[in-house]
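Undergrad: structure for the following, please:
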Amino acid sequence: MGRKALDGRNAHRICLCFIVVLLCIGTSSLPCIGGSVRETAGDGYQENTSSRSNETLFDVLEDVCSVNINQETEVVLSHPDIEVDNIDIAEAGATQLGNLITVCVQVAGVIENRGKIIDFYNGGNLSNLNFVEYDFLISTNEDDYMVSYANYTGLIANRTETRNLTSSDYSVMGDVLSIWFSLDTAEEYYVSLSATSMFVKMNFSEEGDDFNDFVYLSDLVPNPPLELMAAVVPEMGYTGQPVQFKINEIPLTGTHPFVYHWEFGDGGTSGEKKPLHEYTKAGVYTYNATVTDDAGTSGHFSGVIRIIQMKKAILFGRIQITSSDNQYTTVAAENLRMITFHPFEFRHFLENELITFSNQYFGIIIGNEASLYMLGIFDAAVGAAPPQTPNIACTTDSMLNRITVTTADAHIFWSDIAITVDQLGATFQVFYTNGTAIAPVNTTVVGDAEILAGDYIQLSTYTGNVRTTLRYIPTNSLLGTWTVNV
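TA: Numbers count the residues shown, from 1 in each chain. Next up is the predicted model:
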């Protein structure tokens, strides 16, 4: 199944997996790694020493990860539903003798037999899943073979066939699962192996669209290189109020433990995965997040956040609530007054003016949907109607390593554009169509330089794909993302 098994229903779509098992000797170490494969009189197999291939993959222990329905991962050392050691892979291996392939996996605990493989393509029952599965992906010079084992059953599949395992195809001995199968042709030879263990538990609703009690734990060998999914940061925040930052890795990639480094654009930093940060001044800030895994691989994300001034105020009058979440409420004034003291200010809001305040306040909001009244002391920010997000279109040129503006709305200025690149070593610089630099490297802070067709963004100091994102600072809105192979 490999790393594509990330959620409940997809976790077994890839279960066109095939499994075949070999009876091997010993349980304290993997018999197919550095040992010999038994001859079996049943199929008359004789070892062909001219066609022997061995590979052993070692895995870091205590790196089993849980993946939630939002595809957020974390390392787990224990879980109430399973002994985690039973899916914590210690090593995996493959041996080829002639056209016979033997694959093995050894776990820190014991091979657990629970549940069954669900074949979604052939009417598998989704009402209640609770199973442990061990999977192998074996690549040869001609084909890919997928093998799945769960609770004395299994599947093996390649491009030409899918078949069930039989009891003579596998061996489960303590902490070792061993599987064998024959390649389709005598010319095939082993190229690579990956192994996956997983525990899946979920209960679907009667409608079949939603489920609860979702549990997905998995371990992989070899660990895929670290890849980042996204930095989860709100587009806007308020002074004096905590802003939640979060970086998500693509599930089951990278070698744990991970090291995190955040720069918030105001001089503040953090080494947490999900830090909280407060800004003291209004403005637009560029944040940067870097994740480095234990193998030394790094990923980088950056973006911008707009911070609006929030101050202590007395509010009283009639309102309508336009939006609310667990942190803030935004209301439209109908007949509302505000008093602030630093500096002193009295305001009478016109109809439909917007005010946002923190949900931690000392006061009351009473009434019904038709007529609401508020009175109290609030941390509030006043927002006029937001400016409109302009339109801009660009083309990419990987030969010249640039992104060129083809069309743009009138009166958009480069100083209102925030440019970010997803590769830590990449740089950018904006130019007029005649090649004259508009701003210094890695900035758009210039005077009144209007964006015109033919202006371009030059990328450099990096080799590979660079994803460049443009945001409009006044609304903190996404204008577009373009990828150039530099």
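
Undergrad: correct me, but residue 186 touches residue 99?
TA: Yes - contact status for residue 186 versus residue 99: in contact at 5.6 Å, counting by C-beta atoms under 8 Å. Using the backbone N, CA and C atoms, a C-beta is placed for each residue, glycine as well.

Undergrad: those two: who's more crowded?
TA: Neighbour count, other C-beta atoms under 10 Å: between residue 186 and residue 99, residue 99 has more, with 18 against 11.

Undergrad: excluding its backbone neighbours, what's nearest the more buried one?
TA: Closest residue to residue 99 apart from its sequence neighbours, by C-beta to C-beta, 6 or more residues apart in numbering: residue 183 at 4.4 Å.

Undergrad: and for residue 113?
TA: Per C-beta to C-beta, 6+ apart, closest to residue 113 is residue 151, 4.3 Å.

Undergrad: and the residue nearest to residue 99, how far from residue 163?
TA: Distance of residue 183 to residue 163, computed by C-beta to C-beta, to the nearest Å: 14 Å.

Undergrad: residue 481: what's it in contact with?
TA: Contacts for residue 481 (C-beta atoms under 8 Å, 6 or more residues apart in numbering) come out as 467-470.

Undergrad: in strands only, show me those residues.
TA: Counted as lying in strands by DSSP state E, out of the contacts of residue 481, are 467-470.

Undergrad: now which of those residues would you call buried?
TA: For the ones in strands among the contacts of residue 481, a burial check counting by 16 or more other C-beta atoms under 10 Å picks out 468-470.

Undergrad: any idea which of those is the one closest to residue 275?
TA: Nearest to residue 275, judged by C-beta to C-beta, of those is residue 469 at 21.7 Å.

Undergrad: what residues are up against the closest one?
TA: Contact partners of residue 469, counting by C-beta under 8 Å, 6+ apart, are 303, 419-422, 478, 480-481.

Undergrad: I'd say the residue nearest to residue 99 and residue 141 touch.
TA: No - using C-beta under 8 Å, residue 183 is not in contact with residue 141; the gap is 9.9 Å.

Undergrad: the more surrounded of the two?
TA: residue 183 (21 against 11).

Undergrad: mind listing what that one touches?
TA: 96, 99-101, 140, 143, 145.

Undergrad: same question, residue 218
TA: 5, 64-65, 67, 87, 196-199, 252.

Undergrad: the residues you listed in helices, which ones?
TA: Assignment to helices by DSSP state H places none of those there.

Undergrad: which of the residues you listed lies closest to residue 171?
TA: residue 197 (16.8 Å).

Undergrad: neighbours of the residue nearest to the closest one when sequence neighbours are not counted, how many?
TA: Nearest residue to residue 197, sequence neighbours excluded (C-beta to C-beta, 6+ apart): residue 87, at 4.0 Å. By the measure other C-beta under 10 Å, the count of residues near residue 87 is 24.

Undergrad: wait, doesn't residue 87 sit right on residue 110?
TA: No - with contact defined as C-beta under 8 Å, residue 87 and residue 110 do not form a contacting pair (10.4 Å).
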